[in-house]
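Engineer: The following comprises the amino acid sequence and a computationally predicted model.
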Amino acid sequence: MKRNAVLILFMALLLAGCAGNILNGDSNKYEGDFSIEVEDFTFTNQDGEDLSKSELDGKFWVADMIFTNCDTICPSMTANMARLQGLLEEENIDAELVSFSVDPTNDSPEILKEYIEERGGTFDNWNALTGYTDEEIKQFANNSFKAFVENPDNSDQVAHVNSFYLVSPDGNAIKRYDGSKADNMQKIVEDIQSMN
């Protein structure tokens, strides 16, 4: 009888340890290179509709910062985001794409929509956001992604990062990629697969 009680106690402790490991494994599931909580937001998408961060909860999403008058990195970044969209579809991965305009004064929803469509993107899982001030996007980019955005003297060219950011289902930015390099799109897909 005593032996059975000891055996039951041992099994209970073993199972508790396993459960603890499973729980710990879950909490580390979305470990990346860093962890920055993305601020809550509600901005206007390419269809003139509101998109809130809460609508992205529970999914991986990839964010970047672009503007349509950009004459340097934005065209290739947007084409790469369209490439990423295709790879996600091929692999049947349910993830969202979000492009934040860093020139909201000029980038209306209609202009953003046309810009992305011209580079091969569709809007099944891609939102292009505007509807805020220059200062608001500057602060949001810095607080949510530690990303640099600067519009010097309101010129027609905004200085910004060329990064794509992987955001975990719990709303934290966890990885950064060079969005101007096409081969990084496959890396993003593999990283999402490894954490799913």
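Structural biologist: Received, thanks.
Engineer: So what's the residue count around the closest residue to residue 161 other than its chain neighbours?
Structural biologist: Leaving out its chain neighbours, the residue that sits closest to residue 161 by Cβ to Cβ, 6 or more residues apart in numbering is residue 147, at 4.7 Å. Glycine gets a C-beta too; all of them are placed from N, C-alpha and C. Residue 147 is flanked by 23 other residues according to other Cβ atoms under 10 Å.
Engineer: Help me confirm that residue 147 is found in a strand?
Structural biologist: No. Going by DSSP: H, G, I helix; E, B strand; the rest coil, the assignment for residue 147 is coil, not a strand.
Engineer: Could I get the full set of helices for this protein?
Structural biologist: Under the criterion DSSP state H, the chain carries helices at the ranges 2-27, 74-90, 109-118, 134-145, 184-195.
Engineer: Worst mean pLDDT among the ones you listed?
Structural biologist: Among those, helix 2-27 carries the lowest mean pLDDT, a mean of 40.
Engineer: Name the residues of stretch 188-196 that are buried.
Structural biologist: 188, 189, 191, 192, 195 (16 or more other Cβ atoms under 10 Å).
Engineer: Pick the one among those residues closest to residue 105.
Structural biologist: residue 188 (30.0 Å; Cβ to Cβ).
Engineer: who touches the closest one in this structure?
Structural biologist: Listed by Cβ atoms under 8 Å, 6 or more residues apart in numbering, the contact set of residue 188 reads 62, 84, 164, 166, 175, 177.
Engineer: And the protein, split by domain according to the record?
Structural biologist: The record assigns the chain these domain ranges, following automatic domain parsing: 1-30, 36-195.
Engineer: Just name the most buried of those domains.
Structural biologist: Among the domains of the chain, the stretch with the highest mean neighbour count (mean count of other Cβ atoms under 10 Å) is domain 36-195, at a mean of 18.
Engineer: Cool, thanks, talk later.
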